[in-house]
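Engineer: coordinates only, no sequence provided:
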């Protein structure tokens, strides 16, 4: 009897979470905090994400990879050398070894003692009405593990995986419904747009020089229901061009400065819903 009660309670929690996710309205356009508020805070850390939330970011981008013992840790580089007081490849260090590193002092002494976070920890502090742009820094097994975690935590309505082909295949093995951002850029032109449409992706990330063809790319992508991210600039003039041409979410390093400009483009700051 007790096992049945636990089972039905579990189903109730799942269904309640699914209904809550369905009722949340996600941002149509806005600014994405690249690695959190990385201009002022240590990138890919909890302080950087909290600052992005404080200023009202619409999307947060973060990077995930495996530690040696397969923990899902947040780090952009293949090594810890640039953003911690340690050395070595992330893939060669255990979670315990990574957690003992200082991931904040390199940015500013006020962040001394900041740890490399786990993806699960970051999900716990995120509201449910912003986009989570999760860049998969690995192959099939990493894509699979991240997609499974997002399913378990009820975050599939807001989280999408920025992937190349192998990590996309792994994610799809875990979840047919997981949202995908195509990062298999090919030449970065029309072939990239066509491949994104053909794979049925939900997002694309354009980058580099902004040229008039962007308008045609965005129109074609929007016709297929695909949202368009752009990396990367912190220039207000570039923001105007991107929004005029229909780009949905520019990725920015200085999210606080970008949000100061948001109202000029008819964009309101996000009020978090937990």
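Structural biologist: Yep, it's here. Treat the numbers as computed from the prediction; the structure is a model and nothing was measured. Numbering: from 1, shown residues only.
Engineer: remind me which residues of this structure are low pLDDT?
Structural biologist: For the chain, the stretches with pLDDT under 70 are 1-22.
Engineer: for it, which segments count as strands?
Structural biologist: Secondary structure of the chain by DSSP state E: the strands cover 32-34, 59-66, 72-74, 131-136, 159-163, 179-182, 203-207, 227-231, 249-252.
Engineer: now the angle from the longest one to strand 159-163?
Structural biologist: Between the axes of strand 59-66 and strand 159-163, defined by axes from the mean of the first three to the mean of the last three C-alpha atoms, to 10 degrees, the angle is 60 degrees.
Engineer: got the angle between strand 59-66 and strand 131-136?
Structural biologist: Going by the same axes, to 10 degrees, strand 59-66 makes 30 degrees with strand 131-136.
Engineer: list the contacts of strand 59-66.
Structural biologist: Outside strand 59-66, the residues that touch it by C-beta atoms under 8 Å, 6 or more residues apart in numbering are 27, 30-36, 44, 49, 52-53, 72-76, 78, 90-91, 119, 122, 126, 130-138, 141-142, 145-146, 162, 229, 249, 251. All C-beta atoms are positioned from the backbone trio N, CA, C, and that covers glycine.
Engineer: and the fifth one, by the same measure?
Structural biologist: Outside of strand 159-163, the residues within contact range by C-beta under 8 Å, 6+ apart are 61, 131-136, 143, 146-147, 150, 167-168, 171, 178-184, 202-203, 205.
Engineer: report the buried members of these.
Structural biologist: Neighbour-count burial (16 or more other C-beta atoms under 10 Å) applied to the contacts of strand 159-163 gives 61, 131-136, 143, 146-147, 150, 167-168, 171, 178-183, 202-203, 205.
Engineer: any chance of TSV for the strands of the chain, columns distance to residue 103?
Structural biologist: Shown next, in TSV, are the strands of the chain (distance: least, C-beta to C-beta, whole Å):
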stretch	distance to residue 103
strand 32-34	17
strand 59-66	13
strand 72-74	9
strand 131-136	17
strand 159-163	22
strand 179-182	25
strand 203-207	25
strand 227-231	23
strand 249-252	21
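Engineer: residue 238: which of those is closest?
Structural biologist: strand 249-252 (7.5 Å; C-beta to C-beta).
Engineer: partner strands of the closest one and their direction?
Structural biologist: strand 32-34 (parallel), strand 227-231 (parallel) (DSSP bridges).
Engineer: dump these to CSV, plus distance to residue 198 and mean neighbour count.
Structural biologist: Compiled in CSV, the strands paired with strand 249-252 are given as follows (distance: least, C-beta to C-beta, whole Å; neighbours: other C-beta atoms under 10 Å):
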stretch, distance to residue 198, mean neighbour count
strand 32-34, 25, 30
strand 227-231, 16, 23
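Engineer: residue 68 is nearest to which of those?
Structural biologist: Closest among the strands paired with strand 249-252, using C-beta to C-beta: strand 32-34, at 26.9 Å.
Engineer: name the surrounding residues that touch that closest one.
Structural biologist: Looking at what lies outside strand 32-34 - C-beta under 8 Å, 6+ apart - the contacts are 48-49, 52, 57-61, 131, 133, 229, 231-232, 249-253, 255.
Engineer: same thing but at 7 Å, please
Structural biologist: 52, 57-61, 133, 229, 232, 249-253, 255 (C-beta atoms under 7 Å, 6 or more residues apart in numbering).
Engineer: and what of stretch 190-206?
Structural biologist: 160, 162, 179-186, 214, 217, 220-221, 224, 226-231.
Engineer: and it, what's buried?
Structural biologist: 192-193, 195-197, 201-206.
Engineer: present those residues as TSV; the columns should include distance to residue 154.
Structural biologist: As requested, those are exported to TSV (distance: C-beta to C-beta, whole Å):
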residue	distance to residue 154
192	32
193	32
195	30
196	27
197	29
201	22
202	18
203	20
204	25
205	25
206	30
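Engineer: from residue 130, how far off is residue 27?
Structural biologist: With distances taken as C-beta to C-beta, to the nearest Å, residue 27 is found 7 Å from residue 130.
Engineer: ok, these two, which is more surrounded?
Structural biologist: Applying other C-beta atoms under 10 Å to residue 27 and residue 130 shows that residue 130 carries more neighbours, namely 25 against 20.
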